[in-house]
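Enquirer: just to be clear, the model below is a prediction. Sequence and coordinates:
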Amino acid sequence: MIVYKEMGGAYMKIGYACLTMGLPDYGFKSCTLKNTDNHSLTQIISHNLTILSKILDYNEKNSITMFRITSDLIPFASSPANKLIWWNLFKDRFTDIGKQVMRANMRVSMHPGQYTVLNAIDEKIVERAIEDLEYHTKVLDCMGLSSEHKIILHIGGVYGDKTSAIKRFSDNYQRLKETIKKRLIIENDDRSYTIEEVLRIGIQLGIPVVFDNLHNEVNASITSKTEQEWIIECQKTWKDRDGIQKIHYSQQNPNKQKGSHTESIHIEKFVQFYEKLPDKNINIMLEVKDKNLSALKCINTTLLSDIKLLEEEWARYKYFVLEKSPNIYGQIRQLLKDKKKYPAIGFYQLIEESFNCEENSGYVVNAAQHIWGYFSKVADTKEKEQFTKNINAYIEGTLSVKILKKRLLKLALKYKNDYLLDSYYFYL
DNA sequence: TGACGTCAAGATCCG
DNA sequence: CGGATCTTGACGTCA
C-alpha cells in the first residue's frame, strides 16, 4: 500500500514512458513490414501484452502510478499490413490489463510520435493520422479505461503558413470520432508550436493542454511567462472528465542538441521544479532515458518517505557505485545508517556523483569480484576458468567492462540469483 | 537528399 | 557456430 506524504489532499502522480529498464525479459517485440503475416503478428502481440502486464505489475509494486503505453504494442496497427482483428482476438487480455490499471489506481496514456500529423496538407497523410489515432483510442477503449487515460498529440507541421496550418488542425480535429476527441490532449513542441499557440488552439477547440517544460525552454512563446504561470493557464483547459492536469517534465542533455533528454533526471533540479509547482494536484510524465529509474528517484524524493525504499534502491545501485567509486560507496553506507532519517536527496545526489566518475580498472575488478562471490561456490570448473580469463583480459585491455558485465549477467540468469538480477550494475 | 528520433530487427563481423 | 556490433527500417517535415 502506498503511503504518501501529506500534500494537502492533492493527488500527485509521477510516471515514465513506454519501456522499463534494469530488469531482464521486459522487452517488447516488433517486426518489419515484410514479416507482417498473421501468425507472427499474433505471436508478437501476445508477447507484448504479457510484457505490458509485467511492467504494470512492476509499476504497482514500486508505487509508480503513471505510465505511457508504447505505440508499438500492436505492430503496424494502423497499417493495411496488419489484417488481424486484434481487439477481438485479445479482448480478454485487454480487459484484464485494464482491470490491472484500475486496481492499481494507475493512470496510463499513449503518445503517437512525430510522424502522426493531423494537420498535413496531403489528405492521405491526414487519413493515416486519423487511423493512427483510432488505433490508440481502441487500445485504451478495449481496456475499459475512462477518458482520464489520455492520448497526447502534437499540432503538427507549419508548411510555411502557421495560420492555415492551425486552421487545418482545427478542421481535421472536428472530423474525429467522439471516442477519440474525449481522450485527445495536445502539447507544445520543440520547434513549431509554442505553449501560447497550443493554448489558443486548446481553448478554442476545448482540448486539454499539456505543458512541456523543455519544449518551452527550447521553443519559447513570444509572451513571456514563468513555467508556473503557463502551468496555471494549462490547468484551466482540463475539465472534470479529463482528470487531473498532466504535464511533461524533462531536462536538457548538455552534450546533445537542443531538446534532447538527459540520461537521468537531475534530482536537485527536479526538486526545485517540484517545489515551485503552483498546485500539487498534478500528474508529471518524465521524459528521460533511464525511464523507471528516474521515476523511482523522483517519487522516492518527493512523494514517499520510508527508509526501506532507499535501502531497496541501495541494493540495486550498490555494485554500480562500488565499481565507480568505493569512496562514494562508503559515504552512502554512512548516510543510510540512521534508520530514523530519510536522506533521499543526498542519497540520489551521491548516486549521480558516481555516474560522473571515470572508469577505474581496479574498481571495476573489485566490483566484478564482489559479483563473482555469489557464484564462486556454485560455478563449475569451466566457469571459474572463464571468469579468471575474463578478468585478466579486462586488465590487459582486450575485454571491455560492458562485456565483462554481460558475462556476469549470464551467470546471474543461470543461477537465478534474484538479488543480483535486480541490480542496476548490469544495466547502467 | 539527408537529418531528425526511436527502438528492435536484420545483417555482418569476429573468435 | 554463437555472440557482439553495426546498419536498417518505418514514419513526415524541414533545411
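Expert: Yep, it's here.
Enquirer: from here on, just use CA atoms for contacts and neighbour counts.
Expert: OK.
Enquirer: select the longest helix from chain A.
Expert: Counting by DSSP state H, the longest helix found in chain A is helix A:38-61.
Enquirer: sheet-wise, list the partners of the very next helix or strand once past that one with their directions.
Expert: Downstream of helix A:38-61, the first helix or strand assigned by DSSP states H and E is strand A:66-69. Within its sheet, strand A:66-69 is paired with strand A:13-17 (parallel), strand A:107-110 (parallel), according to DSSP bridges.
Enquirer: and DNA strand B, is the last one touching that?
Expert: Read that as strand A:107-110. No: using CA under 7 Å from any atom of the strand, strand A:107-110 never reaches DNA strand B; the gap is at least 13.6 Å.
Enquirer: do stretch A:187-199 as well
Expert: No: contact of stretch A:187-199 with DNA strand B (CA under 7 Å from any atom of the strand) is absent, the minimum separation being 9.5 Å.
Enquirer: quick one: buried residues of that stretch?
Expert: Buried residues in stretch A:187-199, counted by 16 or more other CA atoms under 10 Å: A:187-190, A:193-199.
Enquirer: outside of it, which residues touch it?
Expert: If you take CA atoms under 8 Å, 6 or more residues apart in numbering as the criterion, stretch A:187-199 is touched by A:152-158, A:186, A:209-212, A:214-216, A:218-223, A:230, A:233-234, A:259.
Enquirer: mind checking which of the residues you listed land in strands?
Expert: A:152-154, A:186, A:209-212 (DSSP state E).
Enquirer: tell me, how many neighbours does the residue of the stretch 151-300 of chain A found nearest DNA strand B end up with?
Expert: DNA strand B sits closest to A:Ser260 of the stretch 151-300 of chain A, with a gap of 5.3 Å, by CA to the nearest atom of the strand. Neighbour count for A:Ser260, taken as other CA atoms under 10 Å: 19.
Enquirer: quick one, phi/psi of it?
Expert: Dihedral pair for A:Ser260: phi -70, psi 140, per degrees, to the nearest 10.
Enquirer: what's near enough to touch it?
Expert: Applying CA under 8 Å, 6+ apart, we find A:Ser260 in contact with A:251-253.
Enquirer: ok, A:Tyr317 touching A:Leu428?
Expert: No: using CA atoms under 8 Å as the test, A:Tyr317 is too far from A:Leu428 to be in contact (9.4 Å).
Enquirer: and these two? Which one has more around it.
Expert: Using other CA under 10 Å as the criterion, A:Tyr317 and A:Leu428 rank with A:Tyr317 on top: 19 against 12.
Enquirer: now that one: how far from DNA strand C?
Expert: Counting by CA to the nearest atom of the strand, to the nearest Å, the separation of A:Tyr317 from DNA strand C is 22 Å.
Enquirer: what do you get for A:Tyr342?
Expert: Distance of A:Tyr342 to DNA strand C, computed by CA to the nearest atom of the strand: 39 Å.
Enquirer: what of A:Phe28?
Expert: For A:Phe28, the distance to DNA strand C - CA to the nearest atom of the strand - is 12 Å.
Enquirer: what's the burial count for that residue?
Expert: A:Phe28: 20 surrounding residues under other CA under 10 Å.
Enquirer: also A:Lys138?
Expert: The number of residues near A:Lys138, taken as other CA under 10 Å, comes to 15.
Enquirer: equivalent analysis for the one 5 residues further on, please.
Expert: A count of neighbours around A:Met143, defined by other CA under 10 Å, yields 21.
Enquirer: in chain A, what residue comes closest to DNA strand B?
Expert: A:Lys29 (3.6 Å).
Enquirer: just the pLDDT at that residue, thanks.
Expert: Predicted confidence (pLDDT) for A:Lys29: 95.
Enquirer: near DNA strand C, which residues of chain A are found?
Expert: Counting by CA under 7 Å from any atom of the strand, the residues of chain A close to DNA strand C are A:32-34, A:114-117, A:119-122, A:125, A:128, A:156-160, A:192, A:400, A:402-403, A:406-407.
Enquirer: 6 Å instead, please
Expert: Residues of chain A lying near DNA strand C by CA under 6 Å from any atom of the strand: A:32-34, A:115-117, A:120, A:125, A:157-159, A:403, A:406.
Enquirer: tell me the one of those residues nearest A:Ser376?
Expert: When the residues of chain A next to DNA strand C are ranked by distance to A:Ser376 (CA to CA), A:Lys406 comes first, at 16.9 Å.
Enquirer: rewinding a little: from the contacts of A:Ser260, which are also near DNA strand B?
Expert: Of those, not one also sits near DNA strand B (CA under 6 Å from any atom of the strand).
Enquirer: of the contacts of stretch A:187-199, buried ones?
Expert: A:152-158, A:186, A:209-212, A:214-216, A:219-220, A:230, A:233-234, A:259.
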